[in-house]
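Novice: give me the fold of what follows.
(2 chains)
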Protein chains: 2
Amino acid sequence: MATLVESATAGTVTPQMKAVADGEGIDPALLCRRIADGSVVIMQRGDRSVGIGSGLRTKVNVNLGTSNLSISPGEEVKKALIAEKFGADTLSDLSMGGDIPAIRRAIMQHTTLPITTVPIYQTAAEIGLGTISVEEIIATIRRQAAEGVSSMVLHCVTAGVLDLLKKRRRIMGVVSKGGSITSVFMHRNRCENPFIDHIDEIIEIFAKHDIVLSVGNTARSGCIHDGWDRAHREEIRQNVEIARYAHQHGVQVIIEGAGGHIRFDRIAEQVRYYKEQSAFPLFVAGPLPTDIALGYDHSAACAGASAASAAGADYLCSITPAEHLGLPSPEHVKEGLIACKIAAHIGDTVKYGMDGQDRTMALRRAKFDKAGQIDGSFDSERARRLAAEDDRCTMCGDFCAMKLMKHLLEPEQ
Amino acid sequence: MATLVESATAGTVTPQMKAVADGEGIDPALLCRRIADGSVVIMQRGDRSVGIGSGLRTKVNVNLGTSNLSISPGEEVKKALIAEKFGADTLSDLSMGGDIPAIRRAIMQHTTLPITTVPIYQTAAEIGLGTISVEEIIATIRRQAAEGVSSMVLHCVTAGVLDLLKKRRRIMGVVSKGGSITSVFMHRNRCENPFIDHIDEIIEIFAKHDIVLSVGNTARSGCIHDGWDRAHREEIRQNVEIARYAHQHGVQVIIEGAGGHIRFDRIAEQVRYYKEQSAFPLFVAGPLPTDIALGYDHSAACAGASAASAAGADYLCSITPAEHLGLPSPEHVKEGLIACKIAAHIGDTVKYGMDGQDRTMALRRAKFDKAGQIDGSFDSERARRLAAEDDRCTMCGDFCAMKLMKHLLEPEQ
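Specialist: Okay, the predicted model is just below:
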């Protein structure tokens, strides 16, 4: 069967393309051309198709998953349910502890959103870091593909990028878990990157299941001091080459080409650097424009992700208040998701002038339609709790600027 | 006695200037020149001097105060204590309900931060909107000055700006409470702006007590649709003229020249527009780059205020999660303040490359010094609660990227 890229290249608008185009309010033929040129991907799971990329609403991913120190499958399902309820577009299951296939099965049973995995996580967790073989990595990819995941992250870091990382003394080195596991594998086996070395075999699996290849980033920075150095830029350049190769062979690709901790004014610069050399959708984790927001990293990420999406990032990964502290609770997942959805929307107001929801809220405010405002909010229960109990607004009481000014601003007849 | 502006113009470095310069790590003579040229102000209260403006750390204000529908003096004191504890630089008492002087006295007894008021609020609350006279407005200014407030906001909106507001159909009209009360006064009395009409008398009071004049903004927008229109730009232009006049007469001035609801990419544009015509410190409420973040406006404001301070705003007003819903609780004040402090710091990393705190946090992270990270955070109690109970990090468990990569990244000898 043809992949979406193959169909699009042949000019065939598939039902998935039609569904995404209708949902986004764009021309299906245009969407089809964008899948053909790589600037849009569709993540699929069952009947659900989520489009990511050029001209589409900025999407938000939520990370889930156990670690070997914190294994509560029930909590992960709760997080998945909360993420879907509060408007996540996709989920990533990053589990590394417990019965990983069973945990993912439970998440998939309870939700309908596309699921991304990082196959080397499961391989390392199941086999042990010291004894992984390439065959086992590829076997995990095959198994996860058969389970029906929508997208997989492969860290295509090269020895060349690792050399660049060695040359500059970073404070925090590498903070990408998948990148570091891959690097350890390369070091122990004295080999080049296993995903690049076996790219054709991997592409075949991805094409067969029409899975989106997400090229992971190893050199993204863990503190603003380390941000946006030569290693990171070189990795992006290399990842774009790998993405082109996969796309030419019929596989949809996104690239984690920006993000990490990076000074606020460099975020747009980084996004533009990426966009100048690549049309593939840009996935961004964070970015965090400061290192000091411990306990409040969701707010710092709201600032960073707003700047990133306004500059052109297509797909954001939410950051919870528990970032840097531990695995998040379901409540943390919700807080992080809503902050990220705010950032995605801020990006859309800039990228597309997409201010329809803002207009609706403004019109409700102008009419003092409190119930309407609350209904239209991200979390109506919370808004209702924060609002005064009766119809009055306790903020200004009788001295409401809008009421006072109403007659004064009527245009003269 | 000479005002700070008069001393600075004469080249005299006062103890207040010395204290601020030492605290900010800049040359006292330079600070003195900046007070002389208007680009820095010092808000004073008792022994405390807080500098705001060019070359100084971005400052954060917290709004307090009752409305006629919500009068809990004890709550306001609690908010003031929380604001001081979590690092607010200044407070604004915006009370319009209850025994206003008593509430302010209580706030001032419990805190040491400079206090800003909006005299027309108290006048309207005490006299009633329909019967205010200019004499009563000026009497309130005198009384508040005698109480020892550090700064007062006067809305110097003109009939010309109101005409411009009439000409464009905004969705939300005017959302400035002080601006609307002032406009109603002008309309009822068929007069021009009372603060401009009596500017010399007012300047005399401000100079006598060395109070900072904060020129309030009436045309700031209540939704992004209304943002950054001709009325707003014209008001800023006029306010800069008034500020120059006051400064020439020995009074320190700041201008609320940007803010409100405004599309994200226009925030920097707005700040630059202001800075091109004025050296006076720029105070910003919000800005909110979207209207839809009801219940989470502190996160949206973190994005907006980061962009504003990075572009040059000097002084930010924090926005709480209860914005648009009602008067905030002490917990909301804390949430809003911390989000705003994050934004101020993000601005400082861009404006000044001020990344010392980030470096400290990064070094602690690199050393896995969890206690140090928590101690250095905005709210250690919260961070401790969010962190795993033991020394392990539940996020990545045994698969910690930094640990895995440590040896791999050692430079070869």
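Novice: so what's residue A:293 up against?
Specialist: Contacts for residue A:293 (Cβ atoms under 8 Å, 6 or more residues apart in numbering or on different chains) come out as A:299, A:300, B:342, B:378. Just so you know, the C-beta spots here come from the backbone N, C-alpha and C atoms, and that holds for glycine as well.
Novice: got it, and residue A:253?
Specialist: Applying Cβ under 8 Å, 6+ apart, the residues contacting residue A:253 are A:38, A:41, A:212, A:213, A:214, A:215, A:243, A:246, A:247, A:280.
Novice: ok, residue A:180 next?
Specialist: So residue A:180 contacts A:174, A:218, B:399, B:401, B:402, B:404, B:405 (Cβ under 8 Å, 6+ apart).
Novice: so what's residue A:101 closest to, chain neighbours aside?
Specialist: Distance criterion Cβ to Cβ, 6 or more residues apart in numbering or on different chains; nearest residue to residue A:101, sequence neighbours excluded, is residue A:147 at 7.1 Å.
Novice: what about that neighbour, how many residues nearby?
Specialist: Residue A:147 has 14 neighbouring residues, counting by other Cβ atoms under 10 Å in any protein chain shown.
Novice: so it touches residue A:103, yeah?
Specialist: No: using Cβ atoms under 8 Å, residue A:147 makes no contact with residue A:103, being 11.6 Å away.
Novice: longest strand anywhere in chain A?
Specialist: strand A:253-261 (DSSP state E).
Novice: I'd like the next helix or strand past it.
Specialist: helix A:264-277 (DSSP states H and E).
Novice: got the buried residues for that following helix?
Specialist: For helix A:264-277, the neighbour count (16 or more other Cβ atoms under 10 Å in any protein chain shown) marks A:264, A:265, A:266, A:267, A:268, A:270, A:271, A:273, A:274, A:275 as buried.
Novice: and chain B, which of these contact it?
Specialist: Of the residues in these, proximity to chain B by Cβ under 8 Å from any Cβ of the partner chain holds for A:264, A:265.
Novice: quick one, strands of the stretch 151-300 of chain A?
Specialist: Using DSSP state E, counting those that start in this stretch, the strands of the stretch 151-300 of chain A run over A:151-155, A:212-216, A:253-261, A:282-288.
Novice: need those strands in a markdown table (columns: distance to residue B:356 and mean pLDDT).
Specialist: Shown next, in a markdown table, are the strands of the stretch 151-300 of chain A (distance: least, Cβ to Cβ, whole Å; pLDDT from 0 to 100):
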| stretch | distance to residue B:356 | mean pLDDT |
| --- | --- | --- |
| strand A:151-155 | 32 | 98 |
| strand A:212-216 | 32 | 98 |
| strand A:253-261 | 15 | 93 |
| strand A:282-288 | 17 | 95 |
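Novice: make a markdown table out of those strands and add distance to residue A:82.
Specialist: Formatted as a markdown table, the strands of the stretch 151-300 of chain A follow (distance: least, Cβ to Cβ, whole Å):
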| stretch | distance to residue A:82 |
| --- | --- |
| strand A:151-155 | 21 |
| strand A:212-216 | 23 |
| strand A:253-261 | 23 |
| strand A:282-288 | 20 |
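Novice: make sure residue A:49 is indeed in a strand.
Specialist: Yes: under DSSP: H, G, I helix; E, B strand; the rest coil, residue A:49 falls within a strand.
Novice: now the nearest residue to it once chain neighbours are set aside: which helix or strand?
Specialist: Spatial nearest neighbour of residue A:49, chain neighbours left out: residue A:16 (4.2 Å); criterion: Cβ to Cβ, 6+ apart. Using DSSP H and E, residue A:16 sits in helix A:15-24.
Novice: report the distance from that helix to the chain centre.
Specialist: 20 Å (Cα atoms, centre = their mean, to the nearest Å).
Novice: convert the C-alpha atoms of the following helix or strand past it to CSV, please.
Specialist: On the C-terminal side of helix A:15-24, the nearest following helix or strand under DSSP H and E is helix A:28-37. Below are the C-alpha coordinates for helix A:28-37, written out as CSV (Å, rounded to 0.1, in the frame of the first residue of the first chain):
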residue,chain,number,x,y,z
PRO,A,28,-7.2,19.3,0.5
ALA,A,29,-5.2,19.7,-2.7
LEU,A,30,-2.9,22.2,-1.0
LEU,A,31,-2.5,19.9,2.0
CYS,A,32,-1.7,17.0,-0.4
ARG,A,33,1.1,19.1,-2.1
ARG,A,34,2.5,19.9,1.4
ILE,A,35,2.7,16.3,2.3
ALA,A,36,4.4,15.7,-1.0
ASP,A,37,7.0,18.4,-0.3
